[in-house]
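Participant: All I have is the shape, not the residue letters:
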């Protein structure tokens, strides 16, 4: 790989940390499949990466633990097209999306409480429903 991979403005994976391998693909291509190595395997090891801070690394490893191999590598494969360069671009796009999604932290929920007016309306609605039901059952026989 020649260029560094920009994940977010804060995180950029150096090209030296990415390893890429090519092999024959089982996808579309007819007899071309038997001749051309168009399948792309892109590997990155987040446990040893210099691109991540310690808390980002801990968060990412926790989020991606099911996707990591035994030695801690994230492996992204692409066999989408018959062209090696397009598959290479597709694999890098996939890696960027996976890491960006894993680094995304949810906004913490701020506890709120109902306003006084909302409480009054709720109690008034309950009283109203209660009187309707009470009037329903207390009909006199004429």
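Facilitator: Cool, the structure landed. Predicted model only: the values in this text are computed from it and were never measured.
Participant: Point to the residue nearest the middle of the chain.
Facilitator: Compute the mean C-alpha point of the chain, and by C-alpha atoms, centre = their mean the closest residue is residue 101, 3.5 Å away.
Participant: any idea which helix or strand carries it?
Facilitator: Assessed by DSSP states H and E, residue 101 sits inside helix 84-103.
Participant: Now that helix: buried residues?
Facilitator: Neighbour-count burial for helix 84-103, counted by 16 or more other C-beta atoms under 10 Å, picks out 84, 87-88, 90-92, 94-96, 98-99, 102-103. Quick note: C-beta positions are derived from backbone N, CA and C, even for glycine.
Participant: Against which helices or strands is that helix packed?
Facilitator: The elements that helix 84-103 packs onto, with contact taken as 3 or more C-beta pairs under 8 Å, 6 or more residues apart in numbering; DSSP states H and E, are strand 5-6, strand 18-23, strand 39-44, helix 54-63, strand 74-78.
Participant: pLDDT averaged over it - what is it?
Facilitator: On average, the pLDDT along helix 84-103 is 90.
Participant: Now do residue 114 against residue 50, distance only.
Facilitator: 49 Å (C-beta to C-beta, to the nearest Å).
Participant: Let me fix that, I meant to ask about residue 88.
Facilitator: In this view, residue 88 and residue 50 are 23 Å apart by C-beta to C-beta.
Participant: And residue 42, by the same measure?
Facilitator: For residue 42 relative to residue 50 (C-beta to C-beta), the value is 18 Å.
Participant: With residue 109 instead?
Facilitator: Residue 109 sits 33 Å away from residue 50, taking C-beta to C-beta as the criterion.
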